[in-house]
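Novice: Build me a model from this:
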Amino acid sequence: MTEIATSIRRRAIGRPRSALRRQRRATGVRLLGPLTIVAGIVWAFAQPWRIAFLYPSGKGFYDYVVQPPLLVVLVGVLFIFFVAPGLVEDLEREDRGPEG
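Specialist: Down below sits the predicted model:
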């Protein structure tokens, strides 16, 4: 009888902590995209000569298409809209358990 009571208590106590951990993970996943965008913007301000639109002399088509700081911003936007929702949904599904 004691073994059953303690296992129930452990499950009841451990559950909110794991739910809090999953909530923190979901928040972390949601923040990855915006943080990536901020990093790209900071990079663009730190090294403005990498932006071909600002210094167009001697630049070719490739220089205008592939600009690393802007690509980092694009990756952040794509992560926000295409990757993060699925990851957060999986974390929430795990939080609800097998029956949810």
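Novice: got a list of what Pro69 touches?
Specialist: Contact partners of Pro69, counting by CB atoms under 8 Å, 6 or more residues apart in numbering, are 40-41, 43-44, 47, 50-51. Any C-beta I mention is one placed from the backbone N, CA and C, and that applies to glycine too.
Novice: Also Val29?
Specialist: Val29 is in contact with 84, 87-88, 91, counting by CB under 8 Å, 6+ apart.
Novice: would you turn these into CSV with neighbour count, pLDDT and secondary structure?
Specialist: What follows is those, written out as CSV (neighbours: other CB atoms under 10 Å; pLDDT from 0 to 100; DSSP: H, G, I helix; E, B strand; the rest coil):
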residue, neighbour count, pLDDT, secondary structure
Ala84, 18, 97, helix
Leu87, 16, 94, helix
Val88, 16, 94, helix
Leu91, 18, 87, helix
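Novice: how close does Phe81 get to Val73?
Specialist: Separation of Phe81 from Val73 (CB to CB, to the nearest Å) stands at 13 Å.
Novice: Compare these two (neighbour count), which wins?
Specialist: Ranked by neighbour count (other CB atoms under 10 Å), Phe81 and Val73 place Val73 first, with 19 against 10.
Novice: That one - nearest residue in space that isn't next to it in sequence?
Specialist: Gly40 (3.8 Å; CB to CB, 6 or more residues apart in numbering).
Novice: which element is the one you found on?
Specialist: Assignment of secondary structure by DSSP states H and E places Gly40 within helix 2-46.
Novice: I'd like the next helix or strand past that helix.
Specialist: Next along from helix 2-46, by DSSP H and E: helix 61-65.
Novice: nearest residue to the residue nearest in space to the middle of the chain other than its sequence neighbours?
Specialist: By CA atoms, centre = their mean, the mean C-alpha position of the chain lies nearest to Leu32, the distance being 2.8 Å. Excluding its sequence neighbours, the residue lying closest to Leu32 (CB to CB, 6+ apart) is Phe79, at 6.1 Å.
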